[in-house]
Structures are given as structure tokens and as C-alpha cells.
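[1] What follows is a predicted structure for the sequence shown.
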Amino acid sequence: MLFDIPNKTEPNGPLPQNKPVASNMESTHTNSAAKIKIDTIPLWAPEAISEISLFLLRLNRKARVLEFGSGGSTIWLGTYAGEVLSLEHDTNYRIAVQQKIEQFEFCNVKLEFSPLPYYSITQSMRDESFDLVIVDGRNRVECIKHSLRLVKSGGMLVLDDAQRTRYSEGRGFLEAFPTRRFFSKNRSTQLWEISREINYPVNATSNPFTIK
């Protein structure tokens, strides 16, 4: 069964039928989405893609994945994971990705509209719900903090564009966990192996799994 999370009311969504402007708005979104190119592979560092694919294959394509920010990675994850929940706040981009999902006829990928901040949706989710969490959208530092408890022990948390200094707080939050960082021409992707059997450093958060 795919993820069951509360429905969100999408801004600029369908208006009542007696207001003809609705079709114009929907048409505008559809036309804008048509201009967005969605690839079928992530933009992560290539070595990170290899590591994540191996991780998912070890789970026999049964992994449950939470992704903050959709895109080509959403399509790629659909071929490797058992279930994928991808969150997206941009209406046009969500439409473009959804069209790609339908093109590939994925029944294991749920693309959910999620207004900012992304991490607010995690409050209703159970601890250790996911094998893999991908942080690759808005509010990345807070997404890291609020989604850590959702990762199963032995699971993985991934931050793309880890080279950006504004994400240093998020990287520091995860400093107790084993990590690998992979580089490409103009970006880096960092992976953490999450375990609940960790001796946290004195300067680390005493129990990072309690943040909701």
C-alpha cells in the first residue's frame, strides 16, 4: 500500500465550475509544465548514484523512500525502490514530474503536493518509516533535522548540493554518523549511514531522533 498522508489544498488549484477562469488557470499551469524538461536520472554526483543504487538493490527493490523535492531522481527511484513518496511545492514542476511518472506507468511512486515548509509534513509520520530519505528541495537544514527520526536504523540519508555553506548546520547535525561525500564538476552529494547505536560526540545534539 502506498503512503497515506493528509491531503493538502493546493494553491491555484481547480476553482468552482461556475467560474470559467478555472480552465484558464489549469491551462496556464499545464502549458508552463510542458516547458520543463524532466530527466530520468538524478543530478547527484555520479558516484553517489552508484552507491545509492547498490544500497537499494541490497534491499531487493523493496525500500521505502521519502524525497524532499522531485525531479529526475523521482523517476530513477521508481525503478529501484519499492515505494517512493516525493514531496513538491511548485505546481508547474509537480505537473511535469507527474506526467513523467504516468509516462513510465509507475504504480509505486506517489508525488504529493506539499506547501512550504516541506518538513511540516513529517510531524504525522512514524519513526523509522523509511529506508532512504533524500533531501534535495527547499528548507534542507530543517528537513534533515525533522526527517532523521524517520530513517530506519541501517538506512541512509542523502543531501544533494552539500557543498553549499548554508547547509553546514544540517551537516553538523549529522556529524555523529558515518558519512561519504562524492563530488562532480560543480556539486557534491553526501550520504550518511543512520544507526541508533551511536556514541554521540559531546558537541552533538544529545538525541537528534527526538525532533519532530
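    Thanks, I have the structure now. Residues are numbered from 1 along each chain as shown.
[2] low-confidence ranges in the protein?
    Scanning the chain for pLDDT under 70 picks out 1-34, 199-207.
[3] For it, which segments are assigned as strands?
    64-68, 83-88, 109-113, 130-135, 151-160, 179-183, 188-193 (DSSP state E).
[4] now the ones you listed as CSV including distance to Lys37?
    The way it works is simple: take the backbone N, C-alpha and C, and place the C-beta from them, glycine included. Below are the strands of the chain laid out as CSV (distance: least, Cβ to Cβ, whole Å):
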stretch, distance to Lys37
strand 64-68, 19
strand 83-88, 16
strand 109-113, 17
strand 130-135, 20
strand 151-160, 18
strand 179-183, 24
strand 188-193, 21
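[5] Tell me which of these sits nearest to Ile75.
    Ile75 lies closest to strand 109-113 among the strands of the chain, at 8.0 Å (Cβ to Cβ).
[6] Can you list the strands that the closest one pairs with?
    Strand pairing for strand 109-113, determined by DSSP bridges: strand 83-88 (parallel).
[7] Let me know the angle separating the strand it pairs with from strand 130-135.
    20 degrees (axes from the mean of the first three to the mean of the last three Cα atoms, to 10 degrees).
[8] and of the strands of the chain, who's closest to Thr122?
    That would be strand 64-68 among the strands of the chain, by Cβ to Cβ, at 8.3 Å.
[9] Export that closest one to CSV, keeping only CA atoms.
    Provided in CSV are the C-alpha atoms of strand 64-68 (Å, rounded to 0.1, in the frame of the first residue of the first chain):
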residue,chain,number,x,y,z
ARG,A,64,10.6,2.8,1.2
VAL,A,65,11.9,6.2,0.1
LEU,A,66,11.0,9.8,1.2
GLU,A,67,12.2,12.5,-1.2
PHE,A,68,12.1,16.2,-0.5
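[10] Who is the nearest residue to Gln163 once chain neighbours are set aside paired with across the strands?
    Spatial nearest neighbour of Gln163, excluding adjacent residues (Cβ to Cβ, 6 or more residues apart in numbering): Ser188 at 4.5 Å. With DSSP bridges as the criterion, Ser188 is bridged to Phe183.
[11] Could you do Trp192 as well?
    Here Trp192, judged by DSSP bridges, has bridge partners Leu157, Thr179.
[12] What count of nearby residues applies to it?
    24 (other Cβ atoms under 10 Å).
[13] For it, give me its contacts.
    Counting by Cβ atoms under 8 Å, 6 or more residues apart in numbering, Trp192 touches 156-159, 174, 177-179.
[14] what's the closest of those residues to Ile41?
    For the contacts of Trp192, the nearest to Ile41 is Val158 (14.6 Å; Cβ to Cβ).
[15] Enumerate every residue touching the residue most central in space within the chain.
    Nearest to the geometric centre of the chain sits Glu67, at 1.5 Å (Cα atoms, centre = their mean). When contacts are counted by Cβ under 8 Å, 6+ apart, Glu67 touches 73-74, 77, 84-87, 133-134, 136.
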